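K.L.:
Below is the sequence, then the predicted model.
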Amino acid sequence: MVEIPDDIKGYLKQVQKYHFWLLAILMPLILVPLAFTADAKLLKEIDARSSAVKSKVESINSVARKTAEGLESFGHPQSGWAEQVSRSNDNLRKKTHEQWASIWDQQKPIRKWPADLGSDFVRAIVRLKPGQNLSTRFRDRYLDRIRRIVQELPSRIDAKESMEANGGFERGEFGMPPDMDITDEDADHRVVWDSTDQNELFQTFYWTSTPSTKQIILAQEELWAYEILCDVVAKANKESTGSHNATIPYVSQLAVGYRAAEEDPGGR
């Protein structure tokens with residue numbers, strides 16, 4: 001074991017006696033430089049991260065100042081973009097409505113309600129606004145009278161009328177059925193209209209209870225379409241003297257609306 005010299009023991013005793021105060025003086029001299037060194041390193045890292053964040057924010061802000069190529073009229077998504085899109089949508093809706101109104105006006109001569117329904121019925125249906133309903137007496141009147149009006153369709157193409165609620169014979173293929181006999185009554189007309197098809201058409205207008213206002217409007221639109229088709233056939237056969245020299249001598253099926261869309265059409 002190493003022995004401490006006697007001349008040093010006195011100093012050690014003094015150090016041991018006053019070591020607290022000696023450390024109190026030395027510790028700040030050691031720790032303060034270390035603290036400044038740590039703070040400088042931390043501040044440097046904070047500055048670096050702050051610069052990175054500012055760079056990202058600037059990149060995002062720069063997008064708002066750019067213009068989308070090909071969309072100059074709308075600009076880029078920003079405060080005024082939604083307003084511009086809203087104005088564009090309003091203009092599109094306006095143009096669509098104007099086009100719809102133009103077509104509606106062009107079809108006005110076609111949309112003539114049958115006079116047989118009565119002038120009071122026609123006034124009521126023409127003045128009807130969306131969401132409103134016809135009175136029960138008018139709907140019952142349409143139920144009773146529309147059948148006779150539909151039965152006038154064959155006469156528009158100069159065909160024998162054979163419309164009934166049920167019945168008729170099997171429909172043949174398009175054109176004159178090979179097993180179909182032309183009666184003397186058929187020979188008196190330009191067109192032979194399949195009786196089964198006439199009956200199926202008739203049943204779509206043959207309600208057993210009071211129809212709703214919507215049913216009446218849709219049914220009348222179908223009737224207008226049938227009248228147009230019949231007028232086309234009549235015009236095609238205008239120069240003929242009978243079914244033997246008619247351009248359209250036979251009608252296998254005349255269908256619009258649900259009858260045209262359904263594979264196996266049925267009545268209402």
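P.N.:
Structure's in. What do you need?
K.L.:
What segments of the stretch 151-268 of the chain are strands?
P.N.:
For the stretch 151-268 of the chain, the strands defined by DSSP state E, counting those that start in this stretch occupy 192-193, 250-251.
K.L.:
so of those, which one's packed in deepest?
P.N.:
Mean neighbour count, computed with mean count of other Cβ atoms under 10 Å, is highest for strand 192-193 among the strands of the stretch 151-268 of the chain, reaching a mean of 24. All C-beta atoms are positioned from the backbone trio N, CA, C, and that covers glycine.
K.L.:
State the number of residues packed around K94.
P.N.:
By other Cβ atoms under 10 Å, the residues close to K94 number 10.
K.L.:
Could you say which helix or strand holds it?
P.N.:
Using DSSP states H and E, K94 maps to helix 81-106.
K.L.:
now that helix: mean pLDDT?
P.N.:
Mean pLDDT, helix 81-106: 83.
K.L.:
Show me what that helix is packed up against.
P.N.:
When contacts are defined as 3 or more Cβ pairs under 8 Å, 6 or more residues apart in numbering; DSSP states H and E, helix 81-106 packs onto no helix or strand at all.
K.L.:
before we move on, the earlier item: include mean pLDDT and distance to I146 when you put the strands of the stretch 151-268 of the chain into TSV, please.
P.N.:
Converted to TSV, the strands of the stretch 151-268 of the chain look like this (pLDDT from 0 to 100; distance: least, Cβ to Cβ, whole Å):
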stretch	mean pLDDT	distance to I146
strand 192-193	94	19
strand 250-251	92	21
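K.L.:
JSON lines for those strands, including distance to R137?
P.N.:
As requested, the strands of the stretch 151-268 of the chain are arranged in JSON lines below (distance: least, Cβ to Cβ, whole Å):
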{"stretch": "strand 192-193", "distance to R137": "34"}
{"stretch": "strand 250-251", "distance to R137": "36"}
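K.L.:
of the ones you listed, which approaches Q84 most closely?
P.N.:
In terms of Cβ to Cβ, the element of the strands of the stretch 151-268 of the chain nearest to Q84 is strand 250-251, at 55.0 Å.
K.L.:
Report the separation between A261 and T196.
P.N.:
19 Å (Cβ to Cβ, to the nearest Å).
K.L.:
Which parts of the stretch 151-268 of the chain are helices?
P.N.:
153-156, 184-187, 195-203, 213-236, 257-261 (DSSP state H, counting those that start in this stretch).
K.L.:
Not counting the first one itself, show me its contacts.
P.N.:
Just to be clear, that refers to helix 153-156. Taking contacts as Cβ atoms under 8 Å, 6 or more residues apart in numbering, the residues outside helix 153-156 that touch it are K160, E161, S162, M163, W193, Q198, L201, Y226, E227, C230, D231, A234.
K.L.:
Between which two of those residues is the distance greatest?
P.N.:
Greatest spatial distance in the contacts of helix 153-156: S162 and D231, 20.3 Å, computed using Cβ to Cβ.
K.L.:
which of the two has more neighbours?
P.N.:
Between S162 and D231, S162 has the larger neighbour count (other Cβ under 10 Å), namely 20 against 12.
K.L.:
Tell me who's in contact with that one.
P.N.:
By Cβ under 8 Å, 6+ apart, the neighbours of S162 are P154, G168, W193, S195, Q198, N199.
K.L.:
Look up how far E83 lies from the last one.
P.N.:
Counting by Cβ to Cβ, the gap between N199 and E83 amounts to 60 Å.
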